[in-house]
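J.: kindly return the folded structure for what I paste below:
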Amino acid sequence: MDIVEILKQDYQRFPDNQTYSIYAQDVYFQDQVFKFRGVEKYKLMIKFIKTCFLNPKMDLHDIRTEGDTIKTEWTLSWNTPLPWKPRISIPGWSELRLNTQELIVSHIDYWHCSRLDVLKQHLFPLKSS
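T.: Purely as a prediction, here's the structure:
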């Protein structure tokens, strides 16, 4: 199975049963909150999401390869464990760079919104229709 298919399956079941073997041991990860190196720290970040967020979900909108880079478009959403349990939604994209062994050596996430926008969702939840 190729890495794109593995990623599609990982997104569908996120954050459960992620395929960490597709990452290099010293993978570099960065997003709006975290910046670190190493697959073990990556596993801890996924465990944090699984443990501290309610109903986390990762919707994959697009995935494509460009040379040694895989680009994904997604929306991450969850309920925050506050008394009113707001549903938070972060649209974004990832750039995953592969080495010659087809392992992910760099995973950088970008958001289509600011950290302030995410904070506002906690304080002023969107009304569901």
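J.: quick check: longest helix of the protein.
T.: helix 39-52 (DSSP state H).
J.: quick check: next helix or strand after that helix?
T.: Counting by DSSP states H and E, the element after helix 39-52 in chain order, helix or strand, is strand 54-66.
J.: for residue 94, pull up the helix or strand it's in.
T.: With elements taken from DSSP H and E, the one containing residue 94 is strand 87-98.
J.: quick one: buried residues of that strand?
T.: 88-90, 92, 94, 96-98 (16 or more other Cβ atoms under 10 Å). For the C-beta atoms, the positions are set from N, CA and C on the backbone; glycine is no exception.
J.: what is the lowest-mean-pLDDT helix or strand in the chain packed up against?
T.: Lowest by mean pLDDT, DSSP states H and E among the helices and strands of the chain is helix 115-123, with a mean of 93. With contacts defined as 3 or more Cβ pairs under 8 Å, 6 or more residues apart in numbering; DSSP states H and E, the packing partners of helix 115-123 are strand 87-98.
J.: now tell me what touches the strand it packs on from outside.
T.: 3, 7, 68-80, 104-113, 118, 121-122, 125-126, 128 (Cβ atoms under 8 Å, 6 or more residues apart in numbering).
J.: repeat for stretch 113-129
T.: With contacts defined as Cβ under 8 Å, 6+ apart, stretch 113-129 is touched by 32-33, 80, 82, 84, 86-92, 111.
J.: how does it look with 6 Å?
T.: Stretch 113-129 is touched from outside by 32, 80, 86, 88, with contacts defined as Cβ atoms under 6 Å, 6 or more residues apart in numbering.
J.: residue 5: neighbour count?
T.: Here the count is done by other Cβ atoms under 10 Å, and residue 5 has 10 residues near it.
J.: next: the one 5 residues further on.
T.: Residue 10 has 19 neighbours, counted by other Cβ under 10 Å.
J.: and if you look at the one 5 residues further on?
T.: The burial metric for residue 15, expressed as a neighbour count using other Cβ under 10 Å, is 19.
J.: helix or strand for residue 72, which one?
T.: strand 69-79.
J.: hmm, back to that, can you flag the buried ones in the contacts of stretch 113-129?
T.: Buried, going by 16+ other Cβ under 10 Å: 80, 86, 88, out of these.
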